[in-house]
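A.B. asks: structure of the sequence below:
(2 chains)
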Number of protein chains: 2
Amino acid sequence: MVDLPENADRGVPEKPAPEVASMYGLTPKVEAAIRDCFASQQWRRLRMLMDPLHPADKADLLERISIDEIQILVSQYGNEFDPEILPYLDEDVREDVVEMLEPDVLAASLPELDSDDVVTIAEELEPEELDDALAALPARDRVLVEQSLSYPEDSAGRLMQREMVVVPPFWTVGQTIDYLRSTELDNDDFYLIMVTDTAGHPVGEVRLNKLLCAQRPRRISEIMDTDIRSLPVTMDQEEVALLFRRYGMVTTGVVDNEGRLAGIITLDDIIDVIDEEAEEDLMALAGVSDASIRTSVLETLRGRTPWLFVNLLTAIAASIVIGFFENTIEKIVALAVLMPIVASMGGNAGTQTITVAVRAIAMREFSPKLAVTFGLRELYVGVINGVLFAGVTALLSYIWFGQADIALLLAVAMFINLIVAALFGTLIPLLLVKSGVDPAVASSVFITTITDVIGFLVFLGLAALYLL
Amino acid sequence: MVDLPENADRGVPEKPAPEVASMYGLTPKVEAAIRDCFASQQWRRLRMLMDPLHPADKADLLERISIDEIQILVSQYGNEFDPEILPYLDEDVREDVVEMLEPDVLAASLPELDSDDVVTIAEELEPEELDDALAALPARDRVLVEQSLSYPEDSAGRLMQREMVVVPPFWTVGQTIDYLRSTELDNDDFYLIMVTDTAGHPVGEVRLNKLLCAQRPRRISEIMDTDIRSLPVTMDQEEVALLFRRYGMVTTGVVDNEGRLAGIITLDDIIDVIDEEAEEDLMALAGVSDASIRTSVLETLRGRTPWLFVNLLTAIAASIVIGFFENTIEKIVALAVLMPIVASMGGNAGTQTITVAVRAIAMREFSPKLAVTFGLRELYVGVINGVLFAGVTALLSYIWFGQADIALLLAVAMFINLIVAALFGTLIPLLLVKSGVDPAVASSVFITTITDVIGFLVFLGLAALYLL
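C.D. replies: Reported below is the predicted structural model:
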């Protein structure tokens, strides 16, 4: 039925092995066939190929094609567009797709989704679009979504879903099971029944396996787990993720400011948060803000140029230090040749230290005691690497320039700079945390400034003192 | 009951706000009180403080105290040591604790744990210790753990747990519920019942909520979900995590080489994998292998010194380029002052590009089409930043040295180096993937080598050509 091009050019091998690729609905073969449809404008065949795919695979396809092709797909589907695709889409692509959808298609899509997914989409809409979209929701859902949107961005209140099963503690197991059967819940995944008092405060949780194994006449209050953790709606999502990890939690209740149960957060919502936070730290350490491979040129510039400006200031600071020693360099040019080695090694060693520290801080692994242990270890490592690389570079420079005094100076400067890297690599992230600055964002700049400045200063300064 | 030191020195503020701290069982107050017990050797009070804590909090405490204090705790508890602590411990600390435990205490601990946790602990034991520990397990569990250990490290087979509920498709809902009630399963969390044919091949899954809502006489085969995904035991854990994320999976079956159900992997096992993989990429980009704040000096050196050696080669390559132009520098020292700016800006811009590319590759977001789009965007960004920073640095150098020709050269070199950074920042990670090398590990070194060498070469080379 599907004729495939003999040698579909796969370019970047994004799926390493065929047996892995076959786990995905969007196999390279299917993808190639779909691309073929775009090329030959076979829209009916395109839909025949797409329809059997899982929404996650459809989302992946949208992420792999160009924006014009997305536009074609969206218009081809019209009001038959599968709303389940939206939650699986990457943020940037989702924004594009939501913008392309006709207002009535978007409005018809939202009621099909879980409330947390609606909130995610609503967050990205312009105020007027938002009003139109929310108007399509049933009154009760609309209120819930509006309420969620009233909580701070990246808070537990935004993350939680409002759909949940709540029963009072005095119900029996039988009553609860009958209630579950009477509702249309069997297509929704849930693992936990929340128990609240008459005022709506959570008093316990019952896992479904416990409910299944309990006798019908028993009261919920007898079998419920009362050792529960309810998170406030205002809690930052990073904290929520840390709590889930810490306690191996799977589902947890979220309470509003009056302590009433407002929603639940499940582990699968946390995965996105963990990915997001890890990405933020990775990007911040490299001086990139809010970036993906799909961000526009303008957005990319906005996220990077300020960091390059900061780096320029750093580089200028280093140049000013070199400038102090113009006379020295003029007389001994070998210094200009060797000086970047001192700065570069210091910068790299310092980056190694801050990266380990920043990760530990993000994972809340630091305690005052561990900070001291860590600092001492870094110092030992700095001393040992300092001795090692002082020796190696001195030897190399002696072979190169045949001047023992320059080799000795290089050794001393290298040793000092690697110690400086260890000390400041430990101190900078800790001091930044103390002053309330995200250490992932600012550590790199500080450490390279310090190791550049100290590296050039010590090497050229000693040369000016002893070689002239 | 607990008298607290007035001003407990908390040092690094690892918990940002009091309302967040109160979500953890190990509050700063409790931690301070426990530290107090260590200082005053009040072991009975120490146990009174520790016993009510969640195993995750006890694990956290062990991670926050020194190794000598851990030793004291372990001996104080003796054979009353809570085995549930072990799965929550950081790898390095777990190794230490397992080594401290008396062989009979360790042996008594293992049967209390889930099979995947036993496997994790077993992985870290020496062969003889392993034999002793496994001998303590019931025969059936021992076979399962040994089987798991026979699968490759970091594979689905190591990650999966063997405890699961399996029923045949011809059972009725009533039969299944009665079976669940007859077993002692209600304390184990499970959300999913696996359905296999007589040969043990998975044929479907039933979510507990579906089972609860179904009538007793219905057959499992009627209500089970047959659209299931079974992962092979040999699949790499990174692939497993990507599949879980992609399809929003919560639990999935794992099949052995004969296609028989061997175990299940749940989303909470995946969290650790995601954290591990994110950490690996972050560390690799900074030239650090296998590190935490607790790694020993020797291990730390082993993970970092090779990278510093590679960086030394890079720095020497840059120095050799500078060495070509000793004459030029001798005549115009301003070049030596300004040259690090060109190299540094190129290195930073290149690192920005590779970081975004490496992350996208790790998340499998690249397709051939997107690679082209990404490369073009990076080129545009490079051109715009190139023009911008060429202008800014030229202006600054003119103000500084008052030489228009040097300013012009600096502008040209800066522009070229930022384009080079964009091009190679895109190409290097993609070429590394093509050649089967982890782009996170090698990209940084390549990009800084290239931007250093090209930066110095263009700037000094042009100066040699036009200024002398």
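A.B. asks: for the record, mean pLDDT for the host helix or strand of residue A:393?
C.D. replies: Taking DSSP states H and E as the definition, one finds residue A:393 inside helix A:368-401. This predicted structure assigns helix A:368-401 an average pLDDT of 93.
A.B. asks: pull out the buried positions in the very next helix or strand once past that helix.
C.D. replies: Moving toward the C-terminus from helix A:368-401, the first helix or strand encountered (DSSP H and E) is helix A:404-434. Going by neighbour count (16 or more other CB atoms under 10 Å in any protein chain shown), the buried part of helix A:404-434 is A:406-430, A:432-433. (Each C-beta comes from the backbone N, C-alpha and C, glycine too.)
A.B. asks: intersect these with the contacts of chain B.
C.D. replies: Here is what survives when those are matched to chain B using CB under 8 Å from any CB of the partner chain: A:430, A:433.
A.B. asks: can you pull out the strands in chain A?
C.D. replies: A:166-167, A:192-196, A:202-207, A:230-232, A:251-255, A:261-266 (DSSP state E).
A.B. asks: out of those, nearest to residue B:367?
C.D. replies: Nearest of the strands of chain A to residue B:367, taken as CB to CB: strand A:261-266 at 30.2 Å.
A.B. asks: just list what that closest one packs against, helices and strands only.
C.D. replies: If contacts are counted by 3 or more CB pairs under 8 Å, 6 or more residues apart in numbering or on different chains; DSSP states H and E, strand A:261-266 sits against helix A:156-159, strand A:192-196, strand A:251-255.
A.B. asks: let's see it at 7 Å
C.D. replies: With contacts taken as 3 or more CB pairs under 7 Å, 6 or more residues apart in numbering or on different chains; DSSP states H and E, strand A:261-266 sits against strand A:192-196, strand A:251-255.
A.B. asks: got the CA coordinates for that strand in PDB?
C.D. replies: Provided in PDB are the C-alpha atoms of strand A:261-266 (Å, rounded to 0.1, in the frame of the first residue of the first chain):
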ATOM      1  CA  LEU A 261      -8.100  20.300  48.100                       C
ATOM      2  CA  ALA A 262      -7.800  22.100  44.800                       C
ATOM      3  CA  GLY A 263      -6.300  19.500  42.500                       C
ATOM      4  CA  ILE A 264      -3.700  16.800  42.100                       C
ATOM      5  CA  ILE A 265      -0.300  16.500  40.600                       C
ATOM      6  CA  THR A 266       0.800  13.300  39.200                       C
END
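A.B. asks: wait, residue A:58 sits on residue A:82?
C.D. replies: Yes - contact criterion CB atoms under 7 Å: residue A:58 and residue A:82 qualify, at 6.5 Å.
A.B. asks: show me the contacts for the closest residue to residue A:138 other than its chain neighbours.
C.D. replies: Leaving aside its sequence neighbours, residue A:138 sits nearest to residue A:111 (CB to CB, 6 or more residues apart in numbering or on different chains; 6.5 Å). Shown in contact with residue A:111 (CB atoms under 7 Å, 6 or more residues apart in numbering or on different chains): A:136, A:137, A:138, A:141.
A.B. asks: what number of residues lie near the residue lying closest to residue A:192 once chain neighbours are set aside?
C.D. replies: Leaving out its chain neighbours, the residue that sits closest to residue A:192 by CB to CB, 6+ apart is residue A:251, at 4.5 Å. For residue A:251, the neighbour count with other CB atoms under 10 Å in any protein chain shown is 19.
A.B. asks: how about the helix holding residue A:393: buried residues?
C.D. replies: A:368, A:370-371, A:374-375, A:377-382, A:384-386, A:388-390, A:393-394, A:396-398, A:400-401.
A.B. asks: isn't residue A:351 right next to residue A:447, touching?
C.D. replies: Yes - under the criterion of CB under 7 Å, residue A:351 makes contact with residue A:447 at 6.3 Å.
A.B. asks: what's the closest non-adjacent residue to residue A:304?
C.D. replies: Distances taken as CB to CB, 6+ apart put residue B:352 closest to residue A:304, at 5.2 Å, once the chain neighbours are dropped.
A.B. asks: hmm, the one you found is touching residue A:286, no?
C.D. replies: Yes - using CB under 7 Å, residue B:352 makes contact with residue A:286 at a distance of 5.7 Å.
A.B. asks: neighbour count: those two, which is higher?
C.D. replies: residue B:352 (30 against 26).
A.B. asks: ok, that one - contacts?
C.D. replies: By CB under 7 Å, 6+ apart, the contact set of residue B:352 is A:286, A:287, A:288, A:304.
A.B. asks: show me the residues you listed that map onto helices.
C.D. replies: residue A:304 (DSSP state H).
A.B. asks: export the contacts of residue B:352 to JSON lines and tack on pLDDT and distance to residue A:194?
C.D. replies: Shown next, in JSON lines, are the contacts of residue B:352 (pLDDT from 0 to 100; distance: CB to CB, whole Å):
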{"residue": "A:286", "pLDDT": "88", "distance to residue A:194": "42"}
{"residue": "A:287", "pLDDT": "87", "distance to residue A:194": "44"}
{"residue": "A:288", "pLDDT": "87", "distance to residue A:194": "41"}
{"residue": "A:304", "pLDDT": "91", "distance to residue A:194": "45"}
